[in-house]
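> from the sequence below, what's the structure:
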Amino acid sequence: MSKNETNLQRRQRRVRAKLSRINRAGLPRLSVFRSGRQIYAQVIDDQKGTTLVSANSMEADMRSRLKNGGNADAATQIGKLVAERAKKEGIQKVMFDRGSYLYHGRVKALAEGAREGGLLF
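Next up is the predicted model:
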């Protein structure tokens, strides 16, 4: 651990290390990033180092449907959208990467939306 590493970076590293230990099947990772006003989700293939699908509250069609991009309702819609796009790519199962965030509020809403959309994790 470096002296300059922040608590946020330590939590991210700890969560991703645990995911890599338990991910024996090489499943893609559903990664979440939330800012104060927006929420972003992407499905990442760590073996290839590529993003397979993504969705965020900044997209034009989502902006017209959402009143606010940074609340739990928006997170649920983004979860459903990323699940729909993942299913089109043939992705059924993913590992949920909450990053440095607690599984609460918008992060939990996004996960539940993805489950409603048909993703398994």
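
> residue 20 sits in which helix or strand?
helix 7-22 (DSSP states H and E).

> buried sites along that helix?
Neighbour-count burial for helix 7-22 flags 12, 15-16, 19 (criterion: 16 or more other CB atoms under 10 Å). Heads up, the C-betas are built off the backbone N, CA and C, glycines and all.

> how about stretch 22-38?
23, 27-32, 34, 38.

> list the contacts for residue 77?
Residue 77 makes contact with 57, 62, 65-66, 113 under the criterion CB atoms under 8 Å, 6 or more residues apart in numbering.

> of the residues you listed, closest to residue 47?
Nearest to residue 47 out of the contacts of residue 77 is residue 113 (CB to CB; 26.1 Å).

> measure that closest one to residue 85 for me?
Per CB to CB, to the nearest Å, residue 113 is found 13 Å from residue 85.

> what about those two, which has more around it?
residue 113 (23 against 18; other CB atoms under 10 Å).

> how near is the more buried one to residue 69?
From residue 113 to residue 69 the distance is 14 Å (CB to CB).

> tell me which stretches of the protein form strands.
29-34, 39-45, 50-56, 95-97 (DSSP state E).

> between the ones you listed, which one is nearest to residue 103?
Here strand 95-97 is closest among the strands of the chain (CB to CB), at 8.4 Å.

> which neighbours does the closest one have in its sheet, and in what orientation?
strand 29-34 (parallel) (DSSP bridges).

> what does the partner strand rub up against?
With CB under 8 Å, 6+ apart, strand 29-34 has contacts from 19, 23, 39-44, 46, 70, 75, 82, 86, 94-99, 101, 106-107, 110-111, 114, 119, 121.

> could you give the angle of it to helix 7-22?
160 degrees (axes from the mean of the first three to the mean of the last three CA atoms, to 10 degrees).

> where does the chain dip in pLDDT?
1-3 (pLDDT under 70).

> let's see it at 80
Filtered on pLDDT under 80, the chain yields the residue ranges 1-4, 24-25.

> okay, buried residues for stretch 47-58 please.
52-57.
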